[in-house]
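Student: Sequence below, structure please.
(one chain, ligands or ions: 1)
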Amino acid sequence: MNVVPQKRHKGGRGSDRNLQDHTEKRPRSDAALSMQWLDTASKRNDDFEEYYKEQDIVPEGEWESFIKILGTELPVTFRINGSGRFADNLRDKLQSDFFSHFRKGDLMVADETIQVPKPLSWYPNNYAWHMSFSRQQLRKLPLLGEIHEFMKKANDAGSISRQEAVSMVPPLFLDVQPHHAVLDMCAAPGSKTQQLLEALHSGDSFPSGFVVANDSDLKRCNLLTHQTKRVCSPCLMVTNHSAEQFPEVKRTGADSHQMEPLRFDRILADVPCSGDGTLRKAPDIWRRWTVANGNGLHLLQLRIALKGCKLLKVGGRMVYSTCTFNPIEDEAVVSELLEVCRGSIELVDVSGEMTALKRLPGKKAWKVRDKVKWYSNWEEAQSAGAKLDPSMFPSPSKAELPLERCMRFLPHHQDTGGFFVCVLRKVSELPTDIGVPSAKQRQNGVGVEEETAAAEHGGVPEGQPEVGILGEDQEEDADMVVDDKKELENIVQEELEELEDPSGEIRDSSVQKGQDSNTLSPVEIARQAAEQAIEAAQRAVDALGAQDLAACSHAEADAQRAGARAGVALDMNNKAGKKQADQKKREYHKGKSKTTATSRDGAVPSQIVSAKGADSVEGEEDEGAGGMNNAPRFEPSWIRGGGGRNRTLSGRGNAIDPIVPMEDPEVLQPLLEYFGLSPDFPIGKQLISRSLEVARPKRLYFVCTALHDILVRDIKEQLKVAAIGLKVFERQEIKDSNEACFYRLAQEGLPFLLPHIAGQRVQLCRADFLTLLREKHLMMPDAFVVEHGGASSRPVIKDAALLKQLQGCRFGCVVAELRHTAAQEASQPGSTSVSEPTSAVEPCSSTVSPPSSEIFTPAAPSSASGGGALMANAPLALSAWKGKASLAIMVDKNECAQMIEKIAAAQGTVRNKMSTEISLAEGQTDDITIRP
Ligand SMILES: C[S@@+](CC[C@H](N)C(=O)[O-])C[C@H]1O[C@@H](n2cnc3c(N)ncnc32)[C@H](O)[C@@H]1O
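Tutor: Presented below is the predicted three-dimensional model:
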């Protein structure tokens with residue numbers, strides 16, 4: 001049987017920026033690729049079968065179904081992101097435009113069954129779907145091709161996320177509420193973090209809670225940051241710690257005078273595991289599976305879970321989950337945790353929650369073995385010198401625990417991957433004397449410290465095959481082939497843009513270029529290598545299409561080599577960049593030591609320090625800041641990370657960009673005035689930058705109050721913050737500084753800022769709005785007549801109302817939003833003046849202006865609007881630029897496509913391309929019939 005590899009649809013806007021991460025993953029992908037072509041019989045492993053038969057995890061009589069389904073490909077499952085009207089529209093559109101064609105039952109195409117796409121019955125609001133058809137079937141039936149295309153676009157635009165069905169389960173059981181402090185301990189690549197954020201933002205008002213997403217692997221933290229960007233949340237902080245050593249930090253207490261330890265209402269411990277629950281997506285695991293994989297991770301998992309329990313609030317919920325069937329990583333960890341915590345942690349009975357989700361109860365007894373043999377108890381293992389741990393063994397006291405409350409999901413029960421989930425509640429503070437003894441303390445075998453160190457570098461204990469940290473990321477590796485090229489292109493593009501950015505802060509070391517004009521700079525080498533990698537990836541894709549596996553394999557190897565070359569070149573560049581950055585920081589701190597500003601309360605300090613002093617940060621930022629070399633320099637009240645204040649440059653967190661509060665009135669005041677930001681928008685308190693370029697940093701990020709408080713209170717800088725805040729402003733180089741503002745609104749932060757913006761807003765009729773989305777600009781009529789004599793095929797603004805509004809705006813950044821009628825506004829009291837598209841959206845009129853009350857009413861800052869910061873729920877508004885000749889937007893094309901879709905969906909547009917498929921679905925050809 002030919003199993004056709006599926007595309008990987010990752011990403012959303014842009015792509016993974018981490019080239020090295022990407023190239024490092026390639027070998028696994030190769031192996032996975034080769035395995036995809038193996039027949040079902042080869043997808044077996046005797047050790048695996050012997051082990052799990054002995055563990056008795058599959059109910060009697062079901063073993064063959066279990067093994068058989070593990071040899072098949074996973075169906076495609078996806079979630080609609082966010083919630084609310086746009087999510088509903090998307091779901092309805094999928095149902096009406098696509099899935100309704102299956103209304104009479106499964107389709108038969110050339111004797112193959114194509115199952116009806118189904119919503120996952122247990123997922124709320126029919127927001128998650130399951131589809132199973134192969135690539136050949138996609139080609140045979142245009143309807144399937146269209147569904148596939150639609151999903152690809154929706155995925156790129158961030159409206160849906162592909163995610164394995166059972167992997168959606170743990171966040172649902174966490175029951176996150178908008179006021180919760182949430183910790184995702186092992187979060188990368190971030191599909192569950194995204195769900196947690198969506199739950200946090202699901203209320204009507206801006207959430208008071210936040211999500212800390214942690215991962216021990218910095219590269220994977222970057223991937224996570226990228227993945228979660230689509231949620232556009234100022235309530236996310238990405239940290240980089242070994243979860244079992246997550247630092248104890250403080251926050252301001254409820255009475256606002258006292259500090260208290262940071263404790264979380266909800267914790268997800270989706271721990272690194274041996275990952276055999278992902279065999280259907282990562283068939284390479286068949287080859288690599290050994291009993292040592294699970295054994296080697298048990299203690300790390302226990303330590304992570306125990307740390308989670310410590311960080312949990314009394315009354316709080318923690319979900320422990322793995323994507324393995326292995327009781328050593330599942331029940332053995334949970335039961336030991338419960339015993340160690342001596343009643344302060346309990347297993348929650350969730351049998352009444354999500355009842356449509358089929359599950360097996362956790363086991364009360366299991367067996368332990370190593371490479372050599374099975375052991376009936378710890379004493380036996382110890383005397384045999386086995387490198388095991390007593391915590392792995394079942395016991396009579398553990399059998400007394402309600403382990404049946406744990407849930408194991410088997411693939412053949414509902415056509416999914418395998419997963420293990422349990423819900424824990426903290427009922428009281430933990431005993432103070434608890435901990436997991438190190439393996440060295442218990443035996444003379446493998447040290448836990450060694451394992452922990454190994455796990456930090458990918459979760460694999462020393463000397464074991466690299467299977468340790470499998471999760472969805474690897475699931476995705478397995479089905480990723482065709483999209484690699486595009487992804488690589490995006491990565492390289494972004495990477496190079498970053499490197500070549502004239503104010504690219506510490507990343508840019510392209511100064512090396514030109515020292516010897518015959519020598520290529522690292523950036524140029526990287527560019528060339530990356531181009532070669534892309535070409536080779538394309539060859540691999542073509543070869544795959546032609547089913548020429550040998551050629552595909554060669555091309556993949558070429559791509560890898562070229563990718564690695566690019567990686568090395570970038571490394572060289574980064575090293576040179578780091579030297580420059582260190583130099584800058586030294587100069588910066590030398591200067592700073594002469595000034596004092598120790599306030600960390602986040603208030604805007606009043607002093608403005610003279611620029612010509614030593615605290616001027618030299619280099620390109622002076623240029624980049626619009627020729628402000630002689631402008632006054634402002635002293636921020638604190639700086640953290642990235643070799644910030646009082647840090648040795650080689651210190652912890654040095655690889656991470658600094659965090660600097662934006663408190664400079666010379667920057668803030670013009671921003672407030674230009675955009676008419678309402679006084680209650682906490683601009684001077686919660687804006688940060690990630691650069692030592694204090695004068696006028698390139699990007700400004702908004703951080704929610706709770707996270708800002710944690711940053712400010714973490715005086716010892718214990719948290720290694722990899723990413724925080726929502727980008728809201730980007731520096732804009734402008735010629736005429738009297739007219740425009742030095743910052744433009746970042747599209748991703750616009751939904752969040754919009755309710756606070758009273759100035760620089762224009763409202764477009766639907767037709768103009770759509771044209772702007774498609775063409776990226778609308779010409780001003782006057783400018784056009786003057787320059788071109790009036791005749792043009794380019795879109796010219798004719799709407800008198802819009803022209804009038806534009807006249808009232810200054811040149812530079814404006815918000816272009818979809819106009820809606822007063823009637824609609826009246827029906828939505830308390831909402832912003834920015835409408836989601838409905839049939840009430842104002843039609844375009846080139847002659848009649850709507851009453852000014854309809855078009856000039858600025859949005860009242862509304863608490864309700866903040867909940868719409870999720871991209872899928874974002875209002876239809878664009879960050880645009882009013883120039884002399886045109887109104888132009890600077891918005892990613894996927895985002896434009898998504899907005900066009902939203903407008904179409906809201907207008908009830910039904911595609912007209914369905915006739916062929918309808919006739920096919922009605923059984924009008926010889927080849928295709930309907931099987932009810
Ligand atoms: C199963 S994956 C998590 C998948 C993720 N929750 C999701 O839904 O996308 C396990 C993650 O744990 C990370 N990891 C490994 N050891 C760790 C440790 N000691 N502390 C924190 N994270 C760790 C790995 O880098 C990997 O990203």
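Student: helix, strand or coil for Asp265?
Tutor: strand (DSSP: H, G, I helix; E, B strand; the rest coil).
Student: Got the confidence number for it?
Tutor: Asp265 carries a pLDDT score of 98 in this model.
Student: since we're on it, how many residues are nearby?
Tutor: Counted with other CB atoms under 10 Å, the neighbours of Asp265 add up to 20. Quick note: C-beta positions are derived from backbone N, CA and C, even for glycine.
Student: got a list of what it touches?
Tutor: Contacts for Asp265 were tallied using CB atoms under 8 Å, 6 or more residues apart in numbering; they are 177, 179-182, 209, 313, 315-317.
Student: excluding its backbone neighbours, what's nearest it?
Tutor: The shortest distance from Asp265 to any non-neighbouring residue, by CB to CB, 6 or more residues apart in numbering, is to His180 (4.0 Å).
Student: and the closest residue to Ser42 other than its chain neighbours, what element?
Tutor: Counting by CB to CB, 6+ apart, Ser42 lies nearest to Trp286, which is 7.5 Å off, once chain neighbours are set aside. Element membership for Trp286, per DSSP states H and E: helix 285-288.
Student: What's the first helix or strand after that helix?
Tutor: Helix 285-288 is succeeded, C-terminally, by helix 291-311 (DSSP H and E).
Student: Counting by contacts, list what that following helix packs against.
Tutor: For helix 291-311, the packing partners by 3 or more CB pairs under 8 Å, 6 or more residues apart in numbering; DSSP states H and E come out as strand 264-270, strand 312-322, helix 331-341, helix 448-456.
Student: Can I get that helix as PDB, trimmed to CA atoms?
Tutor: Below are the C-alpha coordinates for helix 291-311, written out as PDB (Å, rounded to 0.1, in the frame of the first residue of the first chain):
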ATOM      1  CA  VAL A 291      12.200   0.200  26.400                       C
ATOM      2  CA  ALA A 292      15.000   2.500  27.600                       C
ATOM      3  CA  ASN A 293      13.400   5.500  26.000                       C
ATOM      4  CA  GLY A 294      10.600   5.600  28.500                       C
ATOM      5  CA  ASN A 295      12.700   4.500  31.500                       C
ATOM      6  CA  GLY A 296      15.200   7.300  30.800                       C
ATOM      7  CA  LEU A 297      12.600  10.000  31.000                       C
ATOM      8  CA  HIS A 298      10.600   8.800  34.000                       C
ATOM      9  CA  LEU A 299      12.500  10.800  36.600                       C
ATOM     10  CA  LEU A 300      12.600  13.900  34.600                       C
ATOM     11  CA  GLN A 301       8.900  13.700  34.100                       C
ATOM     12  CA  LEU A 302       8.400  13.200  37.900                       C
ATOM     13  CA  ARG A 303      10.600  16.200  38.700                       C
ATOM     14  CA  ILE A 304       8.700  18.400  36.200                       C
ATOM     15  CA  ALA A 305       5.400  17.300  37.600                       C
ATOM     16  CA  LEU A 306       6.500  17.900  41.200                       C
ATOM     17  CA  LYS A 307       7.800  21.400  40.400                       C
ATOM     18  CA  GLY A 308       4.400  22.000  38.700                       C
ATOM     19  CA  CYS A 309       2.600  21.000  42.000                       C
ATOM     20  CA  LYS A 310       4.800  23.400  43.900                       C
ATOM     21  CA  LEU A 311       4.000  26.300  41.600                       C
END
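Student: rewinding a little: now that we have the contacts of Asp265, which one has the most neighbours?
Tutor: That'd be Val182 among those, by other CB under 10 Å, with 26 neighbours.
Student: The strand or helix carrying that one pairs with which strands, and in what direction?
Tutor: When elements are assigned from DSSP H and E, Val182 belongs to strand 181-184. Paired neighbours of strand 181-184 in the sheet (DSSP bridges): strand 210-214 (parallel), strand 264-270 (parallel).
Student: For Gly641, see how far away the closest residue to the ligand within the stretch 701-850 of the chain is.
Tutor: Closest residue of the stretch 701-850 of the chain to the ligand, CB to the nearest ligand atom: Lys720 (11.8 Å). Going from Lys720 to Gly641 by CB to CB, to the nearest Å gives 7 Å.
Student: Mind checking which of those two has more residues around it?
Tutor: Taking other CB under 10 Å, Lys720 and Gly641 do not tie; Gly641 has more neighbours (24 against 19).
Student: mind listing what that one touches?
Tutor: By CB under 8 Å, 6+ apart, the residues touching Gly641 are 653, 656-659, 717, 720-721.
Student: wouldn't the residue nearest to Ser42 be in contact with Lys43 here?
Tutor: Yes - between Trp286 and Lys43 there is a contact under CB atoms under 8 Å: 5.3 Å.
Student: Between those two, which is the more surrounded one?
Tutor: A direct count of neighbours by other CB under 10 Å for Trp286 and Lys43 places Lys43 higher, at 21 against 18.
Student: hang on, isn't that one packed against Gly71?
Tutor: Yes - Lys43 lies in contact with Gly71 (CB under 8 Å); the separation is 3.9 Å.
Student: hmm, back to that, tell me which of the strands paired with strand 181-184 sits nearest to Leu338.
Tutor: Of all those, it is strand 264-270 that lies closest to Leu338, at 13.9 Å by CB to CB.
Student: In the strand or helix carrying Glu146, which residues are buried?
Tutor: Assessed by DSSP H and E, Glu146 sits inside helix 142-157. For helix 142-157, burial by neighbour count (16 or more other CB atoms under 10 Å) applies to 143-144, 146-148, 150-151, 153-157.
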